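Chemist: coords please:
(one chain, ligands or ions: 3)
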Amino acid sequence: MPIDLSLYLVTDPGLCADRGLVDTVVAAVRGGVTLVQLRDKHASTAELIGQARRLKAALAGSGVPLIINDRLEVALAAGADGLHLGQDDGDVAAARAALGERAILGLSVQTHGQLARLDPGPLDYLGLGPVFATPTKHDHASPLGFDGLASLVAASPLPTVAIGGLKAEHAAAVRSAGADGLAVISAICGQSDPEAAARAFFASR
Ligand SMILES: Cc1ncc(COP(=O)(O)OP(=O)(O)O)c(N)n1
Ligand SMILES: Cc1nc(C(=O)O)sc1CCOP(=O)(O)O
Ligand SMILES: [Mg+2]
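Modeler: Residues are numbered from 1 along each chain as shown. Ligands and ions are numbered 1, 2, ... in the order given. Okay, here's the model as predicted:
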């Protein structure tokens, strides 16, 4: 089945803390989120596996896949639906071999050079960013803006999702740039009503 990248929620332990990770994700899915990524740069492997299993149980029956950020062993142990890797997070061909053909495998891309060097074979989608500077990721690359995003999308051999500083009011411009969807953290995770925050991304459709 093709992946629906329309609205991709990436979680953050700090921003989701008030409402709790699972409640935030469940509410966001009610609001229309189509894909969820568990991203926690500080949790131990055991903690991440526990979080992933709880999220997977909460998403059961929703049709929304659970992707794990960075950590192949967590994706495997938790039976997650996929993995998202950055440029320095490991070998995509090895990840595909370990996860199997049915898993969803994504890769972050920031430059045309990275695009030119990648082998799309093992991959399902690319995360392109950051569109804007964002305090949520301190080590992000130079912002692309919408023109830079459109240029990468046009050269991409795979479906794309834009990320970095994106809010509901950017949905139309991201789609005009040709991306298949938006990935967001703070526009949903940090909000008091994650369901309404997610719904707002579809308001201008
Ligand atoms: C959908 C999506 N796109 C890009 C990223 C960033 O991945 P990476 O560059 O590996 O940075 P970290 O998220 O690991 O800090 C992502 N997570 N998801
Ligand atoms: C996880 C992540 N990756 C980025 C990239 O550019 O690859 S930007 C980013 C953080 C996105 O958070 P927010 O939606 O709050 O700006
Ligand atoms: Mg990473």
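Chemist: Now do the strand ranked longest in the chain: which elements does it pack against?
Modeler: Under DSSP state E, the strand in the chain containing the largest number of residues is strand 104-109. Where contact means 3 or more Cβ pairs under 8 Å, 6 or more residues apart in numbering; DSSP states H and E, strand 104-109 is packed against strand 82-85, helix 92-99, strand 125-128. C-beta: built from backbone N, CA, C; applies to glycine.
Chemist: Make a markdown table from these and add mean neighbour count and mean pLDDT to it.
Modeler: Putting these into a markdown table (neighbours: other Cβ atoms under 10 Å; pLDDT from 0 to 100) gives the following:
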| stretch | mean neighbour count | mean pLDDT |
| --- | --- | --- |
| strand 82-85 | 24 | 98 |
| helix 92-99 | 16 | 98 |
| strand 125-128 | 26 | 98 |
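Chemist: out of those, which comes closest to Ile49?
Modeler: strand 82-85 (13.6 Å; Cβ to Cβ).
Chemist: ok, the closest one: who's next to it in the sheet?
Modeler: Here strand 82-85 is paired, per DSSP bridges, with strand 66-69 (parallel), strand 104-109 (parallel).
Chemist: Pull the contacting residues for Phe117.
Modeler: You called it Phe, but residue 117 is Arg. Contacts here follow Cβ atoms under 8 Å, 6 or more residues apart in numbering; on that basis Arg117 touches nothing.
Chemist: do Ala162 as well
Modeler: So Ala162 contacts Gly127, Leu128, Gly129, Val131, Leu149, Val174, Ala177, Ala179, Gly181, Leu182, Ala183 (Cβ under 8 Å, 6+ apart).
Chemist: Swap in 10 Å and give it another go.
Modeler: Shown in contact with Ala162 (Cβ atoms under 10 Å, 6 or more residues apart in numbering): 5, 8, 126-132, 144, 146, 149-150, 152-153, 170-171, 173-175, 177-184.
Chemist: From ligand 1, how far out is it?
Modeler: 9 Å (Cβ to the nearest ligand atom, to the nearest Å).
Chemist: doesn't that residue fall inside a helix?
Modeler: No - counting by DSSP: H, G, I helix; E, B strand; the rest coil, Ala162 is located in no helix; its state is strand.
Chemist: That'll do, ta.
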